[in-house]
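Peer 1: Sequence and predicted structure below; questions after.
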Amino acid sequence: MEELGRIHQLIIPFFGHDLTFNLEVIIMTWIVISILLLFGFLASSKKGVIPGPLQVVGELLVAQLFALTEDALGEELGKKYAPLICALFMFLVLSNWIGIVPMMHEPTKDLNTPLSLGLLGFFISHYLGIKTKGIKAYLKAYVDPFFFMMPLNVIGEVAKVVSISFRLFGNIMGGSIIILVISYLVYNLILPPFLNAFFGVFVGAIQAFVFTMLTLVYIAVQVK
Amino acid sequence: MDIMGADLVKAFACLGAGISMGLGAIGPGVGEGFAAGKACEAIGRNPQEAGLLTRTMLVGQAVSESTGIYSLVIALLLLFVV
């Protein structure tokens, strides 16, 4: 129970400021990225008409997510932004599932990872909104019913980032703390596999899907 | 043993965490139950669409759960940071 809520940090003084690095999160993120790169390499190295098992998984993911993106964004933009959505979903699923392996921690357990991914979606959606609608129509959406609604609209846009990142962070963090506490209470007997299956696999997959879908919806709202 | 100000802060932080989690769990509980009930009705009316309905229900529940998750984050902040 001692390690509850403790983070390994590397603090480097830098011209009067302290640069703080969360080492575990960085290492786990790189492990997730290298597993994904390995998976992509293995799935596409031996392409064939009769696919191998890895190629089937890859084709399934890509086909489903491309169809989803084209439904939301339309034919042309969908093709362009489906790789982003695909990569986001695969990264989040693997990040949420990697906590099942002993001694591994989810990178999404730290607020920095979901917040940076949420900001990524925020900036992409607004850039795309300005690009497709033009700056005039984009700014006009803020004063939508009448001029005095502008502060509320701006707050609503910022609240999207906060809500999407805190949802992922809270689910994964809360799940891992519940697993830790209940495993400690039952002396690691019987219950931990079921807890890991629920909070790790089930909640992790659903939250990754929800995060991806909400990013897609935010982009689609700005485009239309 | 005297009770100092820091002890009072810790005690009220723990109390606040409990109250936040208890009150914050009401809304998602009612909302998710309502969503599951409506999904059950829809599946009863239209059983061949059960897969799609279940998927939509789970995603909607995961979104409506987020208010409860916010209160969990607040409770954890009160417990470990204050």
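Peer 2: Yep, it's here.

Peer 1: In chain A, what residue comes closest to chain B?
Peer 2: In chain A, no residue comes nearer to chain B than residue A:170, which is 3.5 Å away by CB to the nearest CB. Heads up, the C-betas are built off the backbone N, CA and C, glycines and all.

Peer 1: Show the model's pLDDT score for the residue nearest to that residue when sequence neighbours are not counted.
Peer 2: Distances taken as CB to CB, 6 or more residues apart in numbering or on different chains place residue B:69 nearest to residue A:170, at 3.5 Å, with adjacent residues excluded. As predicted, residue B:69 sits at a pLDDT of 86.

Peer 1: Could you report the neighbour count for residue B:69?
Peer 2: Number of residues near residue B:69 (other CB atoms under 10 Å in any protein chain shown) recorded here: 23.

Peer 1: Would you mind writing the CA trace of stretch B:1-17 as PDB?
Peer 2: The C-alpha trace of stretch B:1-17 is given here as PDB (Å, rounded to 0.1, in the frame of the first residue of the first chain):
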ATOM      1  CA  MET B   1      -2.500  14.900  22.500                       C
ATOM      2  CA  ASP B   2      -3.700  18.200  21.200                       C
ATOM      3  CA  ILE B   3      -5.700  18.500  18.000                       C
ATOM      4  CA  MET B   4      -3.800  20.900  15.800                       C
ATOM      5  CA  GLY B   5      -5.000  22.800  12.700                       C
ATOM      6  CA  ALA B   6      -3.300  20.300  10.300                       C
ATOM      7  CA  ASP B   7      -5.200  17.400  11.900                       C
ATOM      8  CA  LEU B   8      -8.500  19.300  11.300                       C
ATOM      9  CA  VAL B   9      -7.600  19.900   7.700                       C
ATOM     10  CA  LYS B  10      -6.800  16.200   7.200                       C
ATOM     11  CA  ALA B  11     -10.000  15.200   8.900                       C
ATOM     12  CA  PHE B  12     -12.200  17.500   6.900                       C
ATOM     13  CA  ALA B  13     -10.400  16.500   3.700                       C
ATOM     14  CA  CYS B  14     -11.300  12.900   4.400                       C
ATOM     15  CA  LEU B  15     -14.900  13.800   5.200                       C
ATOM     16  CA  GLY B  16     -15.100  15.900   2.000                       C
ATOM     17  CA  ALA B  17     -13.800  13.000   0.000                       C
END
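
Peer 1: hmm, back to that, and the residue of chain A closest to chain B, that one's in a helix?
Peer 2: Yes - counting by DSSP: H, G, I helix; E, B strand; the rest coil, residue A:170 is part of a helix.

Peer 1: what does chain B have sitting close to chain A?
Peer 2: Contact residues, chain B versus chain A (CB under 8 Å from any CB of the partner chain): B:58, B:59, B:62, B:63, B:65, B:66, B:69, B:70, B:72, B:73, B:76, B:80.

Peer 1: Adding secondary structure, write those out as CSV.
Peer 2: Conversion of these to CSV gives the following (three-state DSSP):
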residue, secondary structure
B:58, helix
B:59, helix
B:62, helix
B:63, helix
B:65, coil
B:66, helix
B:69, helix
B:70, helix
B:72, helix
B:73, helix
B:76, helix
B:80, helix
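
Peer 1: residues in contact with residue 23?
Peer 2: In the absence of a named chain, this looks at chain A. Residues near residue A:23 by CB atoms under 8 Å, 6 or more residues apart in numbering or on different chains: A:8, A:9, A:10.

Peer 1: looking at chain B here, not the other one
Peer 2: By CB under 8 Å, 6+ apart, the contact set of residue B:23 is residue B:71.

Peer 1: where does chain A come near chain B, residue by residue?
Peer 2: A:4-5, A:163, A:166-167, A:169-171, A:173-174, A:177, A:206-207, A:209-210, A:213-214.

Peer 1: ok, residue 77 - how many residues close by?
Peer 2: Just going to use chain A. Residue A:77 sits with 17 neighbouring residues when counted by other CB under 10 Å.

Peer 1: Oops, wrong one, chain B.
Peer 2: 14.

Peer 1: So it: helix, strand or coil?
Peer 2: When classified by three-state DSSP, residue B:77 comes out as helix.

Peer 1: From chain A, how far off is it?
Peer 2: 10 Å (CB to the nearest CB, to the nearest Å).

Peer 1: In PyMOL, how would I select just the buried ones from the residues of chain B next to chain A?
Peer 2: Of the residues of chain B next to chain A, the buried ones can be selected in PyMOL as follows, counting by 16 or more other CB atoms under 10 Å in any protein chain shown:
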select buried, chain B and resi 58+62+63+65+66+69+70+72+73+76
